[in-house]
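Asker: Sequence plus predicted model, see below.
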Amino acid sequence: MSTLSDLPLELLQFYVTAPYPCSYLDARQARSQVVTPTHLITPAVYSELARLGFRRSGHYVYRPWCDRCRACIPVRIRLAEFTPNRSQKRAWQKHGNLQAYSVPRRFSDEQFRLYQRYQKARHTHGGMDHDSEEQFSQFLLASPVDSLLVEFRDEQQELVMVSVIDRLTDGWSSVYTFYDPHLPGASLGTYNVLWQIEQCRQQQLPYLYLGYWIADSRKMAYKANFQPLESFVQGRWQTITDSDDPTHT
């Protein structure tokens with residue numbers, strides 16, 4: 001198992017941020033442990049960090065480091081054993097007409113307009129619903145590692161969904177996905193995870209990393225539907241089920 005001692009600690013530095021309002025749990029203060037310098041975080045180093053519960057946002061590689069809270073649990077899907085449930089199969093069939101295109105990571109007005117619609121509909125007053133073009137670019141387009149920007153278009157070539165994905169040595173890390181929030185009964189988020197699972201399987205990769213799972217966050221509930229799911233708790237990856245709270249494992 002990889003540990004922080006396996007990484008170039010004489011070069012990497014780890015610092016803890018000042019407290020800031022938690023994005024997921026009301027009335028909570030959060031802190032993050034951030035890795036620097038960015039230019040030393042190669043794809044291989046980042047893959048090791050991801051296996052230790054770190055995640056990326058723009059150029060920042062971090063993991064939660066809150067004073068009195070351990071609610072954010074890193075999770076990943078064990079792909080060799082994954083079987084979609086009934087609702088996931090419906091989502092896969094419903095959106096099977098979408099075409100996926102890997103595009104350059106540069107600013108697009110079309111993507112930004114879709115991002116704005118998504119944020120205003122799904123995350124009103126969350127802070128990101130007023131992101132500028134620069135904030136959008138720093139959050140989703142800037143990356144020090146091996147990242148993909150994927151557009152999903154319908155049969156009329158209308159843009160309906162965008163995903164940012166990091167490629168790791170043992171799988172993919174799903175960074176962020178946004179989509180048309182006004183499509184009725186869309187289930188696009190579920191379809192997107194299934195699409196990433198299929199891509200990883202075609203490349204014979206064992207894991208899809210889904211970021212953090214929070215038991216008390218409704219926004220995170222969908223992640224527990226992808227089984228078998230593993231959580232990184234107390235320094236090791238362990239299997240959880242959709243009825244488990246991994247903080248108590």
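Answerer: Cool, got the structure. Residues are numbered from 1 along each chain as shown.
Asker: domain ranges for the chain?
Answerer: The chain breaks down by automatic domain parsing into domains covering 4-71, 74-248.
Asker: How far off centre is the shortest one?
Answerer: In other words, domain 4-71. 14 Å (CA atoms, centre = their mean, to the nearest Å).
Asker: What helix or strand is E10 located in?
Answerer: E10 is part of no helix or strand when elements are defined by DSSP states H and E.
Asker: How about the one 5 residues further on?
Answerer: Assignment of secondary structure by DSSP H and E places Y15 within strand 13-16.
Asker: for that strand, packing partners?
Answerer: Using 3 or more CB pairs under 8 Å, 6 or more residues apart in numbering; DSSP states H and E as the contact test, the elements touching strand 13-16 are strand 32-36. All C-beta spots, glycine's among them, are computed from the backbone N, C-alpha and C.
Asker: how about the domains of the chain in TSV, adding mean pLDDT?
Answerer: Listed next are these as TSV, based on pLDDT from 0 to 100:
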stretch	mean pLDDT
domain 4-71	89
domain 74-248	91
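Asker: got a markdown table for these, with mean neighbour count too?
Answerer: Shown next, in a markdown table, are these (neighbours: other CB atoms under 10 Å):
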| stretch | mean neighbour count |
| --- | --- |
| domain 4-71 | 16 |
| domain 74-248 | 16 |
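Asker: Could you pull up the contacting residues of S87?
Answerer: S87 is in contact with S187, T190, N225, counting by CB atoms under 8 Å, 6 or more residues apart in numbering.
Asker: Can you classify it by secondary structure?
Answerer: Classification of S87 by DSSP: H, G, I helix; E, B strand; the rest coil places it in helix.
Asker: what separates it from I240, distance-wise?
Answerer: Distance, S87 to I240, using CB to CB, to the nearest Å: 20 Å.
Asker: The nearest residue to F54 once chain neighbours are set aside is in what secondary structure piece?
Answerer: In space, and not counting its chain neighbours, F54 is closest to R63: 4.6 Å by CB to CB, 6 or more residues apart in numbering. Using DSSP H and E, R63 sits within strand 60-64.
Asker: so what secondary structure elements neighbour the helix or strand that that strand is followed by?
Answerer: Once strand 60-64 ends, the next helix or strand along the chain (criterion: DSSP H and E) is strand 73-78. Contacts defined by 3+ CB pairs under 8 Å, 6+ apart place strand 73-78 against strand 207-213, strand 229-233, strand 236-240.
Asker: so which of those strands gets nearest R31?
Answerer: strand 207-213 (14.1 Å; CB to CB).
Asker: So what touches that closest one?
Answerer: 50, 55, 64, 72-79, 168, 170-175, 193, 196-197, 200, 220, 223-224, 226, 229-231, 246.
Asker: Would you map the helices across the protein?
Answerer: 43-50, 86-94, 109-122, 133-136, 188-202 (DSSP state H).
Asker: Is it possible to get a markdown table of these that adds distance to L12?
Answerer: Listed next are the helices of the chain as a markdown table, based on distance: least, CB to CB, whole Å:
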| stretch | distance to L12 |
| --- | --- |
| helix 43-50 | 8 |
| helix 86-94 | 38 |
| helix 109-122 | 31 |
| helix 133-136 | 26 |
| helix 188-202 | 27 |
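Asker: Can you tell me which of those helices is nearest to S102?
Answerer: Comparing these by CB to CB, helix 188-202 comes nearest, at 10.2 Å.
Asker: neighbouring contacts of that closest one?
Answerer: 77, 79, 82, 84, 87-88, 91-92, 94-95, 98, 100, 152, 160-161, 163, 165, 171-172, 174, 177, 179-180, 206-208, 210, 222, 225-226.
Asker: Then stretch 93-107?
Answerer: 133, 136-137, 141, 143, 147-155, 160-161, 187-188, 191, 195.
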